[in-house]
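# coordinates only, sequence not included:
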C-alpha cells in the first residue's frame, strides 16, 4: 500500500485568518514529519445537535478562502457537502468532497458529488454495517467516478455512544476502495452534553494507532489550537500542539503495517 | 389523551391507480372500525440501500395525485420530504410533512418544513437517544411551528438490526409533543438482504400493541395489497387484507390505555 | 392462556421479620386485586457489583424462614440458586428455583435444578438472543423436568444499560414454555453507580404493561417498603405502597390480552 | 512494559496425547520466535451453548496431564475454573487460574481463586463496561491476591455478535493490573449456529495486532491443529500451522508499542 495520508483540520472554517493559521501550522508539521496531508475544512455545520450551535461561514464566503489556503499552502483541500446543489460549486475550490455520515445513503447527493469527478470521501453512517458500504460506494462508482474513499467513524452502541469495530477496516478494504479512519468523530459522544455532543479526545490517538496498524490509506483527525473554546466538536478535537507527536506515531506504525501484511487465515 | 390515529399507506406512491385503490380501501376500513386515519404516501425513496432500488414517481408527478387522493377520500395526506426546496411545494398538496430518520438533524430541512406551517412528523434517527429528540423538536418549534410529532422507529442494535426501546414513548412524551410509533420500520433489518433491507413484519402487530398500551397519539404502519411484490420495504409492510384486524386491535388497546394512566412512581 | 401471575418480593431476604411483613402485605394486596402471586426472596446475592455490597442471610439461615413464609401466607415461594449443591437443599423449602441471568448457560447448575423436580424460572442472560433460550430450556427439559419458565430481563445495549426487546416475548413463546417478564431488572443500569447498579424504576410499570399486553404467563417485579434504603437494587425496586395499583393495572391489561390474540401475519 | 506474553492452546484438553502434542508444538514455536508462552488448557466446558456439546475430560482426569505438560515443556499452565471448590484443586497443577466471562461477578468463585495465591486471569463479562472491571479486580485483590490480569474478550453488540472496543485496553490499564486481550473469543458469534457458536477466525489476527499496538501484557488465542474438526470453538480457533506467523507479527508490533507510548492528551 501507499504511505498513510492525514486528513486534518479544525471542525469549522472559523475565519480566513484562522484557516490560514491552522493550515500553515499543519503543513509545516507534515513537512517536518514527512507525511502526506489533506486539509479538512467545513463551510457549514448543517446538522448541529441544537439549533443554537454555530454553523460556520457558509459556502459562498468560504470558497475564496478555500482557494487561498490551497494556493498558500499547496495542500489539497477537503470539504463536506450537504445538498446536491453544493457539490459542483464546492468542487471548484477543493480537491476532495466529503459525504457526512448521516447523509451516506442520500442517492442524489452521492451522484451529484460523483459527477464532479473529484475524489469522494464517504463517511460510513453510524447506523450501517461495514459491508453495507458496498452499496454506498456503488452509488458513486456507478455514476462514473472510481475515486471513492470509505471512512469508518464509529457505529451506534447504546445511547450517546459510538464504538469502533476494527473489523470494519479489512471488511471495507474488500470493497476495493481505500479505507480511511476518522479517529476524532469515533470518540464523539453524540448528544452527550444535552444540547451538544461530548467526546473523549484522549482515546483518539489509541484508536488511530490501532487502525493504522491494520494497514490504512488515511487517518482523519480534527485539530484546533484551542479545542476547549472551539465552536463545535471541542471535546473530541486534538490540541494542535500535540498533533506533530501523533503524526510521528502514526507514520511509524504505518510503515510497520505496510511492511507486514496481517496473517491471512 | 385524544383517541389514537393511524398513519397508514404503502411505502411508495406506485401509480395514480394504486394510490387511489389503497387509500379508498384504508378509508373504508377506518370508517368501519371508527378510527382516525392519515394517508401516508411517498413521491421519492431518496435513500434506497442500493442505487438499483426503484425510487417512485417524483414530486411533480405526485402532487396532483396527492390532491386527488385527498379530495376523493377526504383523508389528510402525509408525505416525506428530503430537501429544503421540496417543503413548500409538497405542502401545497398535503397536510403533514414527514422528516426521514436519517435527516432528522439537518437543520435547514427542519426549518424549511417548519416554515410551511404544516404539521411535521419527525422520525427519530436510528442513531439518537429518545432525549436527543428535544433538540430536534426545538429546531422546528423555534422556527415558529408548534405542530410537531415525534416518531420512534427503532434504534441501531448491532449490525442490520433495530430494537424498539419502549421507554422512548414516555421519554419523548415529556418533550411535550404527541408521540408516534412507526411499527413497520421498527422491524426493518436495514441492509439485511445485501442490496435491500429485510424485515420481520410478523412482529409489527406486537410492537404496535405494546406501544399503544402506553398511551400514544398515533401509530404509523405501512401496508400494501401484495407486500412480497412491492418495489420497496416489502418484508416489513402489512398485507392490506390483515389491516382491519390490526386497526380493531389497536383501537381496543388505545381505549384501555387512555382510560388507565400508567402508575407514576 | 391462564391468567397472569405475579412473582414479587424484595431483592434480599433481609430478616425474618422483614420477610414476613412484606410477604403478608403482598398476599393481602393480591387477594384484594384477585391475582395469583409467587413470593420471591433471595438468601444470597452472589454476584454483587462490588465486594462491599451486602449479600444476605445465607441458605442455612434462610430455609426455616422460607418455610415459615410459605406456611403463614400460603404463598408459593421462589428463590434463586447459584451452585449445583444449593439446588436440592433450597428445593426443600421453596416451590420454584430461579437461575440467575449470568448463570443461565452453566450446564451443571441447570441440570441440578432440573433434577429437583421443582418448577425452574431461568432468566435470559443479558448476552443472549431470545432464540438462544431454546438451548437453555432444553438443558432442563432434557434432564426430565418439563416445568421451565423462560424470563426476559433486558439485553446489553451499550455500556451500563439494558434494553427490552418486546419481540423476545413471542419468540420465547415459540419455544413452548411459559414466558415471564422481569420488569424491575430490565430497568437496571448495571454498574451504573460505580460500585453498585443504578436503575430507572419509573419505567418498570411501562415495560410491565407493554409486555403483559402481548400475552404473558407472569411478571416478575421486585418491591420494597423503602427502596431507597434497601441493601441492594434500590434504584429499580417498586415502592410497596404503589404495588397494588400496578397489580390492578397489569390484571386489566392481562385480561384484555388473553381475550385478544395478536393478529398473525 | 515487559515484553508481550502469549496465552495459547486449544479450547479443550481433548486427550493426554493431544495436550502433549499441541503444547510441545507451541513451545517450539515460541522458542524459535523468542516470545513468552503460557499454555492454556481446559478440563471442562461448563457452559456449552447446547447440552449436546462435548465437555472435556473433567478435573480429576486432567490434573496429572496438566502436571505432565508443565514438566515436559517447562511451560506455565493456565486453566479455567467454574466453582469455588475447583480452585484449590486446580491450583495444585497449574500456574494461572482463569475466571470465565459469564462468571466474572460470582464473588465466591473470585475469592476462592484469589485465596490459592495463583495468578488470576479474569475475563471481562460480555455484559460489562471496561470500568466495571475495577470492582471485579478488587474482589480478588481485596482477598489478598495482587496478581490479577484483566482480560478483554468482546462486548455484546446486538444479537449473536460481539464487538471489541479498543478503548477498553487503556481504560482497564488504569485499574493498575496487566491487561490481556483474548483475540479468538472476541470474534466468536455466540449461539450463531443454532446449537453452537459461530466465529470469524480470519479477524483474530487483525484484532490481536491492533490491541498489541496499544501496549498489552498478553494476548490470549486459542489454536488447534485442525480447528474445523475440534469439539468446541472451531470457528474461531487459529490453525496451529499459522500460529508461528502470528507470533512473529505480534512480537514485532509489541516491540514497537513498548518503545512508543501513545501520545497523552
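Nice, I can see it. On a predicted model such as this, the values are computed, not experimentally measured, just so you know.
# Only C-alpha atoms from now on, for both contacts and neighbour counts.
OK.
# Which positions in chain A make contact with chain C?
For chain A, the contact set with chain C under C-alpha under 8 Å from any C-alpha of the partner chain comprises A:157, A:158, A:159, A:161.
# Run a quick check on the second one versus residue C:159, I expect a contact.
Yes. Here residue A:158 lies in contact with residue C:159, judged by C-alpha atoms under 8 Å, at a distance of 7.0 Å.
# How about the stretch 1-150 of chain A: which residue is closest to chain D?
Nearest residue of the stretch 1-150 of chain A to chain D, counting by C-alpha to the nearest C-alpha: residue A:129, 11.9 Å away.
# which among the residues of chain A next to chain C gets closest to chain C?
Nearest to chain C among those: residue A:158, at 3.9 Å, using C-alpha to the nearest C-alpha.
# For that closest one, give me its contacts.
Contact partners of residue A:158, counting by C-alpha atoms under 8 Å, 6 or more residues apart in numbering or on different chains, are B:156, B:157, C:157, C:158, C:159, C:161.
# okay if I get these as a markdown table plus pLDDT?
As requested, these are exported to a markdown table (pLDDT from 0 to 100):
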| residue | pLDDT |
| --- | --- |
| B:156 | 98 |
| B:157 | 98 |
| C:157 | 98 |
| C:158 | 97 |
| C:159 | 96 |
| C:161 | 96 |
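# from those residues, which would you call buried?
Buried by 16 or more other C-alpha atoms under 10 Å in any protein chain shown: B:156, B:157, C:157, C:158, C:159, C:161, out of the contacts of residue A:158.
# So the first one is in contact with residue B:162, correct?
Yes. Taking C-alpha under 8 Å as the definition, residue B:156 is a contact partner of residue B:162 at 4.7 Å.
# sorry, back to before: which of the buried ones among the contacts of residue A:158 fall in strands?
residue B:156 (DSSP state E).
# which of the buried ones among the contacts of residue A:158 lies closest to residue B:264?
For those, the minimum distance to residue B:264 (C-alpha to C-alpha) is 21.7 Å, reached by residue C:161.
# In contact with that closest one, which residues?
Remark: with contacts taken as C-alpha under 8 Å, 6+ apart, residue C:161 is in contact with A:158, C:188, C:189, C:190, C:192.
# Would you write a ChimeraX line that selects the buried entries of these?
Applied in ChimeraX, the following selects the buried portion of the contacts of residue C:161 according to 16+ other C-alpha under 10 Å:
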select /A:158 /C:188,189,190,192
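# now the contacts of residue C:161 as TSV including distance to residue C:249 and secondary structure?
Formatted as TSV, the contacts of residue C:161 follow (distance: C-alpha to C-alpha, whole Å; DSSP: H, G, I helix; E, B strand; the rest coil):
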residue	distance to residue C:249	secondary structure
A:158	30	coil
C:188	22	strand
C:189	25	strand
C:190	28	coil
C:192	29	coil
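# what's the closest non-adjacent residue to residue A:14?
Spatial nearest neighbour of residue A:14, excluding adjacent residues (C-alpha to C-alpha, 6 or more residues apart in numbering or on different chains): residue A:56 at 6.3 Å.
# Please read off the pLDDT at residue A:261 from the model.
At residue A:261 the predicted local distance difference test score is 97.
# Give me the distance between it and residue D:253.
Between residue A:261 and residue D:253 the distance is 12 Å, computed by C-alpha to C-alpha, to the nearest Å.
# Can you pick out the residue with more neighbours from those two?
residue D:253 (25 against 14; other C-alpha atoms under 10 Å in any protein chain shown).
# give me phi/psi at the more buried one?
When read as degrees, to the nearest 10, the backbone of residue D:253 gives phi -70, psi -30.
# Repeat that for residue A:120.
When read as degrees, to the nearest 10, the backbone of residue A:120 gives phi -120, psi 120.
# Could you pull up the residues touching it?
Contacts were defined as C-alpha under 8 Å, 6+ apart; by that measure residue A:120 touches A:96, A:97, A:98, A:99, A:113, A:114, A:147, A:148, A:149.
# bridging residues for it?
Listed by DSSP bridges, the beta-bridge partners for residue A:120 are residue A:97, residue A:148.
# How much space separates it from residue C:192?
Counting by C-alpha to C-alpha, the gap between residue A:120 and residue C:192 amounts to 41 Å.
# Same check on residue A:27?
For residue A:27, the distance to residue C:192 - C-alpha to C-alpha - is 44 Å.
# next one: residue A:6
In this structure, residue A:6 lies at 37 Å from residue C:192, with C-alpha to C-alpha as the measure.
# quick one on the thing from earlier: with the contacts of residue C:161 in mind, which one is nearest to chain B?
Nearest to chain B among the contacts of residue C:161: residue A:158, at 7.4 Å, using C-alpha to the nearest C-alpha.
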